[in-house]
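Asks: no sequence for this one, just the structure:
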Ligand SMILES: C=CC1=C(C)c2cc3[nH]c(cc4nc(cc5[nH]c(cc1n2)c(C)c5CCC(=O)O)C(CCC(=O)O)=C4C)c(C)c3C=C
Ligand SMILES: [Fe+2]
Ligand SMILES: [Fe+2]
């Protein structure tokens, strides 16, 4: 008889998780991606009988063609990947090199698309990991992001006879290491501009207001990040404006919308702004295209003169120092 062993020497697995991206910038791949994403009940929490006919009858017949063009415009030709995947992969490779412990295995997964959370958890188990920490790279908790990543991780263990221990990283919206990383990143990017922005807009991904009304803490987390960032940068609610982008569908989303804020600024005679997206750990369609093209065009069209989009934390040194701090906290006591 062989006996199952639990060994303190078994490697610990650390899985960085971000949202996802299509496999290719074409209509078929974008449709597959959006079908997986938008049929997640954590993302669209309407009754299925109401939502599925809209999703399959309308959204998946119209949006993929439009979104595929946008993905095409931001696609990473060198790697054949969407930027969010490239940055998340780089974050995991750099984290592995920084921590350098032989008994820690770092990998990454995407909640929608590939590599999936289930396949990467299986791979960590195949490498002998009996303890796995999943680090959702969402600073602010939302049921639709952090909650959904946790669902996918636990679902991956559902049928296993021998499950690994599993931890899900805590949100870090008010962590000094996060606020420091953002401040360093913004200060450097701002110093490199060829103009002095009168206002910086801190644009977070939006969420349907109804999800907040049902108890999602996301908005409160965004506000806390924004307040701490104001303090850390010596700015105030007028010089660093809070806004929410990426509205989807007809329902009310959390306000103020980024498009309204830049319109209002231009209308008030503000000529030079910068926009930063503190809630995104990596640049993606929503930052490169929506902020860098759509929001820029809107501001210039309404009378603005200078616009800059500041990059996300991505795989910068300050980002890696932050991720290392978060990772070490989640695996504490395991190694
Ligand atoms: C009901 C729809 C959506 C909710 C709720 C939602 C929440 C949410 N999303 C992010 C982060 C990202 N979203 C991204 C893309 C994206 N988001 C939605 C819809 C909802 N998001 C759609 C339909 C798309 C796809 C693009 C499009 O067709 O417009 C991305 C970028 C992905 C990429 O491939 O580059 C990110 C990142 C957060 C943080 C969040 C809740 C707080
Ligand atoms: Fe989104
Ligand atoms: Fe968008």
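Replies: Happy to help now that I have it. This one's a predicted model, so the numbers in the text were calculated from it and none came from an experiment. Ligands and ions are numbered 1, 2, ... in the order given.
Asks: does residue 108 really touch residue 17, like I thought?
Replies: Yes: contact criterion Cβ atoms under 8 Å: residue 108 and residue 17 qualify, at 7.1 Å. The C-beta positions use only the backbone N, C-alpha and C, and glycine is treated the same way.
Asks: those two: which is more packed in?
Replies: Taking neighbours as other Cβ atoms under 10 Å, residue 108 and residue 17 compare with residue 17 leading, 27 against 23.
Asks: which strand residues bridge that one?
Replies: residue 109, residue 136 (DSSP bridges).
Asks: wait, isn't it in contact with residue 109?
Replies: Yes: look at residue 17 against residue 109 with Cβ under 8 Å: they come within range, at 5.3 Å.
Asks: what stretches of the chain score poorly on pLDDT?
Replies: Scanning the chain for pLDDT under 70 picks out 1-8.
Asks: so for stretch 310-328, what gets flagged as buried?
Replies: 310-316, 318-320, 322-323, 325-327 (16 or more other Cβ atoms under 10 Å).
Asks: do the same with stretch 214-222
Replies: 216, 218-219, 221-222.
Asks: again with stretch 194-208
Replies: For stretch 194-208, using 16+ other Cβ under 10 Å, the buried residues are 197-208.
Asks: how about it and ligand 3, any contact?
Replies: No: using Cβ under 5 Å from the ion, stretch 194-208 never reaches ligand 3; the gap is at least 8.7 Å.
Asks: show me which residues of the stretch 201-335 of the chain are close to ligand 3?
Replies: Counting by Cβ under 5 Å from the ion, the residues of the stretch 201-335 of the chain close to ligand 3 are 246, 286, 290.
Asks: touching, the last one and residue 246? I think so.
Replies: Yes: contact between residue 290 and residue 246 holds when scored by Cβ under 8 Å: they sit 6.2 Å apart.
Asks: neighbour count: these two, which is higher?
Replies: More crowded of residue 290 and residue 246, by other Cβ under 10 Å: residue 290, with 22 against 18.
Asks: in contact with that one, which residues?
Replies: By Cβ atoms under 8 Å, 6 or more residues apart in numbering, the residues touching residue 290 are 245-246.
Asks: wait, is it part of a strand?
Replies: No: the assignment for residue 290 (DSSP: H, G, I helix; E, B strand; the rest coil) gives helix, which keeps it out of a strand.
Asks: the closest residue to ligand 1 within the stretch 201-335 of the chain - nearest residue in space that isn't next to it in sequence?
Replies: Nearest residue of the stretch 201-335 of the chain to ligand 1: residue 284, at 3.0 Å (Cβ to the nearest ligand atom). Closest residue to residue 284 apart from its sequence neighbours, by Cβ to Cβ, 6 or more residues apart in numbering: residue 84 at 3.9 Å.
Asks: quick one, domains of this protein?
Replies: 12-172+318-331, 176-309 (automatic domain parsing).
Asks: just the terminal-to-terminal distance for the shortest one.
Replies: This points to domain 176-309. For domain 176-309, the first-to-last residue distance is 24 Å (Cα to Cα, to the nearest Å).
Asks: next one: the first one
Replies: The stretch domain 12-172+318-331 measures 8 Å between its terminal residues, going by Cα to Cα.
Asks: is ligand 1 contacted by it?
Replies: Yes: for domain 12-172+318-331 and ligand 1, the contact criterion (Cβ under 6 Å from any ligand atom) is met by 19, 21, 34, 43-44, 63, 67, 82, 84, 138, 142, 144-145.
Asks: gap between the residue sitting nearest the centre point of the chain and residue 242?
Replies: Closest to where the C-alpha atoms of the chain average out (Cα atoms, centre = their mean) is residue 280, at 4.3 Å. Distance of residue 280 to residue 242, given as Cβ to Cβ, to the nearest Å: 15 Å.
Asks: please apply the same query to residue 16.
Replies: Taking Cβ to Cβ, one finds residue 16 at 27 Å from residue 242.
Asks: more neighbours: which of these two?
Replies: Between residue 16 and residue 242, residue 16 has the larger neighbour count (other Cβ under 10 Å), namely 25 against 22.
Asks: for that one, list the residues it contacts.
Replies: Neighbours of residue 16 in contact, by Cβ under 8 Å, 6+ apart: 88, 91-92, 95, 106-109, 135, 137, 323.
Asks: between the residues you listed, which sits nearest residue 55?
Replies: residue 109 (24.0 Å; Cβ to Cβ).
Asks: that closest one: neighbour count?
Replies: Neighbourhood size, residue 109 [other Cβ under 10 Å]: 27.
Asks: near ligand 3 at all, stretch 68-82?
Replies: No: counting by Cβ under 5 Å from the ion, ligand 3 is not contacted by stretch 68-82; separation bottoms out at 8.0 Å.
Asks: hmm, residue 226 and residue 278 touching each other?
Replies: Yes: the pair residue 278 / residue 226 is scored as a contact, 7.5 Å apart, by Cβ under 8 Å.
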